[in-house]
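Q: How does the following fold in three dimensions:
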Amino acid sequence: MTAPVFLDVDGTSIAVRRAAGAAPGIVWLGGYKSDMLGTKAEKLAEWASGQGRAFLRHDYSGHGESGGAFADGTVSKWLLQSLAVFHHFTLGRQILVGSSMGAWIALRMVQELNKAGENRIAGLVLLAPAPDFTAELVEPALTKAQKRDLARKGFFEEPSDYSAEPYIYTRALIEDGRNNLTMTGPIDTHCPVHILQGLADADVPSSHALKLVALLPADDVTLSLIPDGDHRLSRPQDLDMLVRAVDALVRQAG
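A: Below you'll find the predicted structure:
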């Protein structure tokens, strides 16, 4: 495993792994509390290497090998870091691959890049996409105790199915989420989108993916529903599907 390089973004050191190669390059955007060495990112890195294709991934602040505290993170901060990494390390057209919260970051990146007149995104692959999850999935389900914790302590904790450490949701994360909502109206990505969603996902219901599809221009959206797929989509058959989806967008962009 090669050591990461570090990019300073607003005083926080962001860990980055980059493999040079052909365009369109692949940019991996991980989920909430996950890091760039997860199964899906590793699988894509291996595939991209075999194809001689550029591949870029990083850890948000408070995640993996990056600096900063997880509890200080917000979508705005992680978006800013992702854009900084994108601008610093990519050339030419890119395909963004976002997992869970990473899909939210990907959609926000496209909005910001398009606003700046940078039409470099050749496609999006979104896995178990969780755009707007703070407002759409977390806030409506808050218990009285969690609301009390948010008001008094500024955060609440929830046990995680994926690690011994609990998930922490801060008031700052939830309030900032409202400034980054993408599902409030039509989303014009100016590029093809392929969504992979498990129907056995306990974290992000498939109805959320369907709602997202309804907001995207229909002619360029593919939705693949995986009947027994869970939120992680990390089984061998899920990984094969991910690679096929990315490969198809690469060919389409070519």
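Q: so residue 4 makes contact with residue 16?
A: Yes: with contacts counted by C-beta atoms under 8 Å, residue 4 reaches residue 16, the gap being 5.7 Å. All C-beta spots, glycine's among them, are computed from the backbone N, C-alpha and C.
Q: Who are the contact partners of residue 92?
A: 23, 24, 25, 120 (C-beta atoms under 8 Å, 6 or more residues apart in numbering).
Q: Show me which positions of stretch 153-169 end up buried.
A: 155, 156, 167, 168, 169 (16 or more other C-beta atoms under 10 Å).
Q: what about the last one, distance to residue 210?
A: From residue 169 across to residue 210, the span is 24 Å (C-beta to C-beta, to the nearest Å).
Q: for the stretch 101-250 of the chain, what spans make up the strands?
A: For the stretch 101-250 of the chain, the strands defined by DSSP state E, counting those that start in this stretch cover 121-127, 155-158, 167-170, 193-198, 221-226.
Q: average pLDDT for the helix or strand just after the longest one?
A: Scanning forward in sequence from strand 121-127, with DSSP states H and E defining helices and strands, the next element found is helix 133. The average pLDDT for helix 133 rounds to 97.
Q: ok, now stretch 235-251?
A: The model assigns stretch 235-251 a mean pLDDT of 97.
Q: Quick check: residue 45 is in a strand.
A: No: per DSSP: H, G, I helix; E, B strand; the rest coil, residue 45 lies outside any strand segment and is helix.
Q: any chance you could read off phi and psi for the nearest residue to it once chain neighbours are set aside?
A: Counting by C-beta to C-beta, 6 or more residues apart in numbering, residue 45 lies nearest to residue 55, which is 5.4 Å off, once chain neighbours are set aside. Dihedral angles of residue 55 (phi, psi; degrees, to the nearest 10) stand at phi -140, psi 130.
Q: Identify all contacting residues around the strand or helix carrying residue 54.
A: Secondary structure assigned from DSSP H and E places residue 54 in strand 53-58. By C-beta under 8 Å, 6+ apart, the residues outside strand 53-58 that reach it are 7, 14-28, 30, 36, 41, 44-45, 48-49, 66, 81-82, 85-86, 89-91, 94, 250.
Q: before we move on, the earlier item: what do residue 4 and residue 16 both touch?
A: Common neighbours of residue 4 and residue 16 (C-beta under 8 Å, 6+ apart) do not exist.
Q: Could you dump the strands of the stretch 101-250 of the chain into a markdown table with mean pLDDT and distance to residue 246 added?
A: Converted to a markdown table, those look like this (pLDDT from 0 to 100; distance: least, C-beta to C-beta, whole Å):
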| stretch | mean pLDDT | distance to residue 246 |
| --- | --- | --- |
| strand 121-127 | 98 | 5 |
| strand 155-158 | 92 | 31 |
| strand 167-170 | 92 | 28 |
| strand 193-198 | 98 | 8 |
| strand 221-226 | 97 | 12 |
